[in-house]
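A.B. asks: coordinates for the following, if possible.
(one chain, ligands or ions: 1)
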Amino acid sequence: MSVFSSNVFTGKHALVTGATGGIGYETAKVLTAMGADVTITGRKEDVLNQLKGDIQSEQPYAKVVSVVADLAEASDREKLVQTAQEKLGPISLLVNSAGISGGSVVEELTQDVLERIMHLNYTVPIMLSQQIYKTMKENQEGAIVNVSSLSGLRGTYAGTAYVGSKFALNGFTQSFALEAIEHNVRVNAVCPGYVDTEMGRDGIRRKGERENRSFEEQFETESRNLPSGRISTPKEVANTIAFLLSDAAENIVGEAVKISGGSVMR
Ligand SMILES: NC(=O)c1ccc[n+]([C@@H]2O[C@H](COP(=O)([O-])OP(=O)(O)OC[C@H]3O[C@@H](n4cnc5c(N)ncnc54)[C@H](OP(=O)(O)O)[C@@H]3O)[C@@H](O)[C@H]2O)c1
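C.D. replies: Numbers count the residues shown, from 1 in each chain. Sure, this is the predicted structure:
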């Protein structure tokens, strides 16, 4: 098969969380360009409307359902999956991209912040996957990609909360992958380094403040320090997600695929 052709996901329904953010937004566009119908979700209704318009202008035949939901709330997650499946049928592709960064050095970390980050980055993808897995298992078909991070593979300064949540997400990916593959459902993760999105730029800004550099100087430093010489784009992460969801990745199971410009090599 040709990995990025326009009919790879024809007849498939993909749910993309974090679709109002940099990575989820591009992922929804890439998946629809590959033939999928999509349900997009986030809390920002205006951005969801903009994305829906973007997709429909590029892919007039794509079906797009947009659902405003706060994924931290179980009732919103229920409503999301129910609406999505009522409108577009069984979900067979799931991208767990919603996430938050933040936290601080351990001395200043509050339990509240720690629990909020763990909840959204770890508990929520599990509970959402659990809801959709029911249908995938019945149909013996599905693929899930969790958007993790290089921070799920090694510690970072002041990263206890975020890093812990992404290590945990990688652990979930591996364990669930072993259960789900028996039912022809593949579970994988992507682990990007800095990506040029609001979250990525915010991380670079905070690091710059610690190192007495402006945002522009820090962005330049981070780019220069990467073997590839540049930070990843959201589209590059979206392409990797699309590949992992496709049958071209049929025997890739429980992986954490790094997108690091060569900065981490094992
Ligand atoms: N950017 C990077 O450098 C980078 C690197 C490695 C991994 N990642 C991971 O990539 C994923 C996407 O990040 P991004 O770069 O696209 O960040 P982003 O632009 O900040 O987007 C974050 C997304 O998460 C959603 N979200 C946050 N809290 C939510 C909630 N309570 N309910 C529903 N949605 C919520 C946001 O939606 P609303 O604001 O509309 O609620 C938004 O769509 C995250 O899991 C992040 O950890 C990012």
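A.B. asks: so where do the strands sit in this protein?
C.D. replies: Ranges of strands in the chain, per DSSP state E, are 13-16, 37-42, 64-68, 93-96, 142-147, 185-192, 256-259.
A.B. asks: from the middle of its chain, how far away would the fifth one be?
C.D. replies: Strand 142-147 has its average C-alpha position 8 Å from the chain's average C-alpha position, going by CA atoms, centre = their mean, to the nearest Å.
A.B. asks: which of the strands of the chain sits closest to residue 218?
C.D. replies: strand 185-192 (17.7 Å; CB to CB). Quick note: C-beta positions are derived from backbone N, CA and C, even for glycine.
A.B. asks: for that closest one, packing partners?
C.D. replies: When contacts are defined as 3 or more CB pairs under 8 Å, 6 or more residues apart in numbering; DSSP states H and E, strand 185-192 sits against helix 124-139, strand 142-147, helix 160-180, helix 234-245, strand 256-259.
A.B. asks: most packed of the ones you listed?
C.D. replies: With neighbours defined as mean count of other CB atoms under 10 Å, the helices and strands packed on strand 185-192 peak in mean count at strand 142-147, which reaches a mean of 28.
A.B. asks: next, find the distance separating the spatially closest residue to residue 186 that is not a sequence neighbour from residue 36.
C.D. replies: Sequence neighbours aside, residue 143 is the residue nearest to residue 186 in space, at 4.7 Å (criterion: CB to CB, 6 or more residues apart in numbering). Using CB to CB, to the nearest Å, residue 143 is found at 11 Å from residue 36.
A.B. asks: what does residue 178 give?
C.D. replies: For residue 178, the distance to residue 36 - CB to CB - is 26 Å.
A.B. asks: next one: residue 64
C.D. replies: Taken as CB to CB, the span from residue 64 to residue 36 is 10 Å.
A.B. asks: which one of these two has more residues nearby?
C.D. replies: Each of residue 64 and residue 36 has its neighbours counted (other CB atoms under 10 Å); residue 36 has more, 26 against 22.
A.B. asks: hmm, the more buried one is touching residue 62, no?
C.D. replies: Yes - the pair residue 36 and residue 62 qualifies as a contact (CB atoms under 8 Å) at a distance of 7.5 Å.
A.B. asks: contact residues of the protein facing the ligand?
C.D. replies: Residues of the chain lying close to the ligand (CB under 6 Å from any ligand atom) are 18, 20-24, 42-44, 70-72, 97-100, 120, 147, 149, 192, 194-195, 197-200, 203.
A.B. asks: pull out the buried members of the residues you listed.
C.D. replies: Buried members of those, scored by 16 or more other CB atoms under 10 Å, are 18, 20-24, 42, 71, 97-100, 120, 147, 149, 192, 194-195, 197, 199-200, 203.
A.B. asks: just confirm residue 81 contacts residue 131, I think it does.
C.D. replies: Yes - look at residue 81 against residue 131 with CB under 8 Å: they come within range, at 4.9 Å.
A.B. asks: for the stretch 101-250 of the chain, give the residue positioned nearest to the ligand.
C.D. replies: The nearest approach of the stretch 101-250 of the chain to the ligand comes at residue 200, 2.9 Å away (CB to the nearest ligand atom).
A.B. asks: not counting sequence-adjacent ones, nearest residue to that residue?
C.D. replies: The spatial neighbour of residue 200 that comes closest, neighbours along the chain excluded (CB to CB, 6+ apart), is residue 194 at 4.6 Å.
A.B. asks: what residues are up against that neighbour?
C.D. replies: By CB atoms under 8 Å, 6 or more residues apart in numbering, the contact list for residue 194 reads 200, 203, 204, 222, 231, 232.
A.B. asks: go on, residue 255?
C.D. replies: For residue 255, the contact set (CB under 8 Å, 6+ apart) comprises 188, 189, 244.
A.B. asks: what pLDDT does the last one get?
C.D. replies: Reading off the per-residue confidence, residue 244 sits at a pLDDT of 98.
A.B. asks: tell me how far it lies from residue 8.
C.D. replies: Separation of residue 244 from residue 8 (CB to CB): 12 Å.
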